[in-house]
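> What shape does this take:
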Amino acid sequence: MYDVFAGIGPFAVPAGKRGCTVLANDLNPVSYDYLLKNITLNKVGNRVTAYNLDGRDFIRTVVKDNMILQWKCNPNASIHIVMNLPALAEEFVDVFRGLFHGSESDVPADRNSLPTVHLYCFDKTDDPRGVPLDRLDRNIGWKMDRHAIDRHFVRQVAPSKDMIRLRFLLPWELLTAAREETLVSSTESILIREEKDISG
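Sure thing, here's the model as predicted:
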């Protein structure tokens, strides 16, 4: 599990206690310091590794390299990316676009799994930015399949404001797309590949 905004470890430490291998990150030096202390106090140092990086840098370097390693060890590896920073996390999903572009050859050819993102955000009535699913499409630069997104209510934080969690797989076409190109939906990308196979 990769915890991009780990804080002092409310997700990372319990996951480590359950036997999960966790790479936990937080940019705030104070949070990072307490994260290290909680890892030690809870005796999960053999399962949880802490980083003090910007979220995007963490994903572009540590997460990317470790995902490749996981796939090399197990093509069916279960990969989960937790983004629990409701006010800002959704603005970081753009980092996934083209994450593996140019380094596809580093990924094992028999890779048979995709990363699952657990994105926490706010759903506010009359939000000028639009509803969460539309914001996700806009931020990630991809028309996500609505039927493949699990929307879970977490709690109400104000009379017209809910915290929710969006859970979704990252399409391989998105992960390997050139950053500057206009992206299409998952369904459209499949149709394009089929047309090329037929014509080719």
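> contacts for stretch 164-183?
Outside stretch 164-183, the residues that touch it by C-beta atoms under 8 Å, 6 or more residues apart in numbering are 96-101, 104, 114-123, 132-133, 136, 140-144, 148-154, 186, 189. C-beta here means a position set from N, CA and C on the backbone, and glycine is covered the same way.
> And stretch 1-9, by the same measure?
11-12, 15, 20-26, 28, 31, 34-35, 38-39, 48, 50, 55, 58-59, 62-63, 66, 79-85, 89, 92.
> got any ranges where this structure has weak pLDDT?
The model of the chain has pLDDT under 70 over residues 180-200.
> need the helices for it, in chain order.
Per DSSP state H, the chain carries helices over the ranges 12-17, 29-41, 55-58, 64-73, 132-140, 172-175, 186-199.
> buried stuff in the fifth one?
It stands for helix 132-140. Buried residues in helix 132-140, counted by 16 or more other C-beta atoms under 10 Å: 132, 135-137, 139-140.
> Give me the helices and strands touching that helix, please.
Contacts defined by 3 or more C-beta pairs under 8 Å, 6 or more residues apart in numbering; DSSP states H and E place helix 132-140 against strand 116-124, strand 161-169.
> which one of these is the most hemmed in?
Neighbour counts (mean count of other C-beta atoms under 10 Å) averaged over each of the helices and strands packed on helix 132-140 peak at strand 116-124, with a mean of 20.
> Can you give the strand pairings for it, parallel or anti for each?
Its sheet considered, strand 116-124 pairs with strand 80-83 (parallel), strand 161-169 (antiparallel) by DSSP bridges.
> could the ones you listed be laid out in a markdown table, adding distance to Cys73?
What follows is the strands paired with strand 116-124, written out as a markdown table (distance: least, C-beta to C-beta, whole Å):
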| stretch | distance to Cys73 |
| --- | --- |
| strand 80-83 | 16 |
| strand 161-169 | 20 |
